[in-house]
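Asks: Below is the structure, and that's it, no one-letter string:
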């Protein structure tokens, strides 16, 4: 199967070269675990390789995303200027709609319809899509409805040939009983926990599922540095 680089060389090695091309991958994790940074690495590397990318930002403004990327040494601005990269302002639309509904005394209506509409409008020549964060569309949605939405999104993007990284916060993932893992080709989990030997909290990466890929059952320890994500070593699950 053809692969597309994650933007993190050590992760590429664990995934036989990268994410399976044309498939949807789920990335979940706790707050501060580095989910958005994983997405930025993927976008930056894909742009460098000449791919056309779309970032659907549900929790941050495009300006904030560009600043965060710049801090990590990932300059996305030139790609925006030449329209190789698009960042959809879903965050502003979502919060403005919510504010208006509150002011008018109405309940906030099905945000997932907005996401589906965004996906339907993805240009056919788009190679890479990052959705950060899927969790905001799960909070007011039943589990079945959320699963149906995910299945529709993955089908639509796969039909366009897009390699998609769906980022989802752990809280929403748990509230929906982990149903998103059934809709995607692979999943990666980020977590923070105390190392029982040192007493120091560390960040860990787990790959419980990646079809067509030989996987290790070991957890990988990683750091967030000034240059982004750096995988250090592996730890067995029973440590």
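Replies: Everything's here; your move. Because the structure is a prediction, the values reported are computed rather than measured.
Asks: C-alpha only now, for contacts and for neighbours.
Replies: OK.
Asks: the strands in the chain, which residues?
Replies: 3-4, 19-20, 24-29, 53-57, 85-89, 128-132, 163-169, 186-194, 201-210, 219-225, 228-235 (DSSP state E).
Asks: Can you lay out the ones you listed as a markdown table showing distance to residue 156, mean neighbour count and mean pLDDT?
Replies: Formatted as a markdown table, the strands of the chain follow (distance: least, Cα to Cα, whole Å; neighbours: other Cα atoms under 10 Å; pLDDT from 0 to 100):
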| stretch | distance to residue 156 | mean neighbour count | mean pLDDT |
| --- | --- | --- | --- |
| strand 3-4 | 19 | 18 | 98 |
| strand 19-20 | 17 | 26 | 98 |
| strand 24-29 | 11 | 25 | 98 |
| strand 53-57 | 14 | 24 | 95 |
| strand 85-89 | 17 | 19 | 91 |
| strand 128-132 | 12 | 25 | 96 |
| strand 163-169 | 11 | 25 | 97 |
| strand 186-194 | 17 | 18 | 95 |
| strand 201-210 | 20 | 18 | 95 |
| strand 219-225 | 32 | 17 | 95 |
| strand 228-235 | 30 | 16 | 80 |
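Asks: so who does residue 153 touch?
Replies: 116, 119 (Cα atoms under 8 Å, 6 or more residues apart in numbering).
Asks: Look up how far residue 202 lies from it.
Replies: For residue 153, the distance to residue 202 equals 33 Å [Cα to Cα, to the nearest Å].
Asks: What of residue 27?
Replies: Residue 27 sits 18 Å away from residue 202, going by Cα to Cα.
Asks: Flag the shaky bits of this protein, pLDDT-wise.
Replies: Along the chain, the parts satisfying pLDDT under 70 run over 91-114, 233-239.
Asks: Which helix runs longest in it?
Replies: helix 143-159 (DSSP state H).
Asks: buried stuff in that helix?
Replies: 143, 146-147, 149-150, 152-158 (16 or more other Cα atoms under 10 Å).
Asks: Mind putting these into JSON lines with distance to residue 67?
Replies: Output for the buried residues of helix 143-159, formatted as JSON lines (distance: Cα to Cα, whole Å):
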{"residue": "143", "distance to residue 67": "35"}
{"residue": "146", "distance to residue 67": "31"}
{"residue": "147", "distance to residue 67": "33"}
{"residue": "149", "distance to residue 67": "31"}
{"residue": "150", "distance to residue 67": "29"}
{"residue": "152", "distance to residue 67": "32"}
{"residue": "153", "distance to residue 67": "28"}
{"residue": "154", "distance to residue 67": "29"}
{"residue": "155", "distance to residue 67": "32"}
{"residue": "156", "distance to residue 67": "31"}
{"residue": "157", "distance to residue 67": "28"}
{"residue": "158", "distance to residue 67": "30"}
